[in-house]
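Chemist: 3D model of this:
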Amino acid sequence: MGEHAQAVRMHRQTLEDRTRILGPEHPDTLASRHNLALALTSTGEQAEAMDLLRRTLDDRVRILGDEHTHTLSTRNALETALAMSTQRPQSRWWHWLRRRNAADSVIR
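Modeler: Prediction:
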């Protein structure tokens, strides 16, 4: 619904609560950290998001294992965030894909 700032606030509160109640290494706490990072990317706070994703990935590898689905999800989110941070906004992959598809439809 586009209320990204409110989502970030809610994810922060959930992370704080889960850390306090469940502990910092509980799988649900790690899920909250992952979700906060995703919400931060939607507000443009890439540096904090990538820091959270790196920490979450390290913890998930250590706690859940390298091939657990949650570990793979965090690794994918971090890889995507890294790829997005190295590109200029106008050269994101979906812009390239849209231009390519438009060119293909003209050729046909």
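Chemist: which residues touch residue 76?
Modeler: By Cβ atoms under 8 Å, 6 or more residues apart in numbering, the contact set of residue 76 is empty. All C-beta spots, glycine's among them, are computed from the backbone N, C-alpha and C.
Chemist: any idea which helix or strand carries it?
Modeler: helix 69-85 (DSSP states H and E).
Chemist: any idea of the mean pLDDT in that helix?
Modeler: The average of the pLDDT scores along helix 69-85 is 92.
Chemist: send the alpha carbons of it over as CSV?
Modeler: The C-alpha coordinates for helix 69-85 follow below in CSV (Å, rounded to 0.1, in the frame of the first residue of the first chain):
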residue,chain,number,x,y,z
THR,A,69,15.7,-22.3,2.7
HIS,A,70,15.8,-19.3,5.0
THR,A,71,19.5,-19.0,4.6
LEU,A,72,19.1,-19.2,0.8
SER,A,73,16.4,-16.5,0.9
THR,A,74,18.7,-14.1,2.9
ARG,A,75,21.6,-14.8,0.5
ASN,A,76,19.4,-14.0,-2.5
ALA,A,77,18.1,-10.8,-0.9
LEU,A,78,21.7,-9.7,-0.2
GLU,A,79,22.9,-10.5,-3.7
THR,A,80,19.9,-8.6,-5.1
ALA,A,81,20.7,-5.6,-2.8
LEU,A,82,24.3,-5.6,-3.8
ALA,A,83,23.5,-5.8,-7.5
MET,A,84,21.0,-2.9,-7.2
SER,A,85,23.5,-0.8,-5.2
